[in-house]
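A.B. asks: Pasting the sequence and the predicted coordinates here, then a few questions.
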Amino acid sequence: MTGLGTLLFLVGIGVLIFGLLRFRKRNWPKKKTQIVIISSILAIIIGIGIIPTAEEEASNEKPKQEEKTEEVTVTPILKTENTFTTNDDGTIVIEGETNPGAEVRVVFSNIPDVVGTADDDGAFSFSVDSLDKAQDVVLSIMIDGKTEEQTLSLKLSPGYESKLAAKAEEERLAAEEARIEQEKIAAEEKRAADAKVAAEKKAEEARIAQEKKATEKRVAAEKKAAETKRANEQRAASAPSTSNEQGEMVYITATGKRYHYDQNCRGLNNSNGETTVTIAQAKAQGLTLCGFE
């Protein structure tokens, strides 16, 4: 529409000038000249009406510029070394160049990823101090949805490897000492437990032996009491009346100090022979009744 309006405007101006010149030279009739002038004026007015203003031209140009801007593509750039080595304290610095403002990420195998952004010059740098073993990592950058990756080899310096080996040896020795101490404590606890079991067993055996002895003693006492009671009952049943008590016959030994109503009395088990006498005779000799009767 902009080109058509300008064309109509220019044609109208040209026809108007041409008609005026012809009219002045009287080459055209008056009526024809009027038609030409009127037509040229209308062309000028229409052309002016469809010619856009400066603001309209700016607004029309802006989308075109934006379209051109969107068409600009960015190619990911990644420049860095392939191998990096720690210092003797275990710190490693990964650095390089990429597109300004690009997101930079380092993907490790055993620690969290490290993420950052390149500066205005495209430079980036990461410092990692938790690396405990050599490994390969992936370095990637992203710009405008496009990525670029590179595999890096991270190595440990000899000095740092020596420190790690010394630390590992210290941890091993500490673990060994802890194990030995734990075994010692366990052995002491076992000895104490065994001693306790042995003491409890011994105490139980002593209790059982004491109960057995007490039982045997009680049984013997009950048996003796029963025998004494039975002998007394037998003696009482066979004993003469009080009037002839002194003439009752008892058994004595040549060396004994007791007299016995029953020839089978336990007190006579070791005698070499018994003699029958009256109670009066036995008492006259200073003998007393056997305790088993």
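C.D. replies: Yes, it's here.
A.B. asks: need the helices for the stretch 1-150 of the chain, in chain order.
C.D. replies: Secondary structure of the stretch 1-150 of the chain (DSSP state H, counting those that start in this stretch): helices at 2-24, 30-50, 54-70.
A.B. asks: worst average pLDDT in the ones you listed?
C.D. replies: Note on those: lowest mean pLDDT is at helix 54-70, with a mean of 57.
A.B. asks: So which residues of the protein form strands?
C.D. replies: Listed in chain order, the strands of the chain (DSSP state E) span 78-80, 83-85, 92-98, 103-107, 114-117, 123-128, 135-143, 146-155, 249-252, 258-259, 275-278, 288-289.
A.B. asks: The third one versus strand 123-128: what angle between them?
C.D. replies: Orientation of strand 92-98 against strand 123-128 (axes from the mean of the first three to the mean of the last three CA atoms, to 10 degrees) gives an angle of 160 degrees.
A.B. asks: How about the fourth one?
C.D. replies: Between strand 103-107 and strand 123-128, the angle formed by their directions is 30 degrees, by the same axes, to 10 degrees.
A.B. asks: re earlier: looking at the strands of the chain, which is buried most?
C.D. replies: Mean neighbour count (mean count of other CB atoms under 10 Å) peaks for strand 258-259 among the strands of the chain, with a mean of 22. From N, CA and C alone the C-beta is placed, and that goes for glycine too.
A.B. asks: Who are the packing partners of that strand?
C.D. replies: For strand 258-259, the elements it packs on are strand 249-252, helix 279-284, strand 288-289, judged by 3 or more CB pairs under 8 Å, 6 or more residues apart in numbering; DSSP states H and E.
A.B. asks: Out of these, the one nearest residue 161 is which?
C.D. replies: Between residue 161 and the helices and strands packed on strand 258-259, the tightest spacing by CB to CB is seen for strand 288-289, at 106.2 Å.
A.B. asks: average pLDDT for that closest one?
C.D. replies: In this model, strand 288-289 has an average pLDDT of 90.
A.B. asks: what do you get for stretch 205-214?
C.D. replies: Per-residue scores along stretch 205-214 average to 92.
A.B. asks: in that stretch, what counts as buried?
C.D. replies: Within stretch 205-214, no residue qualifies as buried by neighbour count (16 or more other CB atoms under 10 Å).
A.B. asks: Run through who's touching that stretch.
C.D. replies: By CB atoms under 8 Å, 6 or more residues apart in numbering, no residue outside stretch 205-214 reaches it.
A.B. asks: surely residue 99 meets residue 118?
C.D. replies: Yes: counting by CB atoms under 8 Å, residue 99 touches residue 118, with 6.6 Å between them.
A.B. asks: show me where pLDDT drops low in the stretch 151-293 of the chain?
C.D. replies: Counting by pLDDT under 70, the stretch 151-293 of the chain has low-confidence residues at 236-246.
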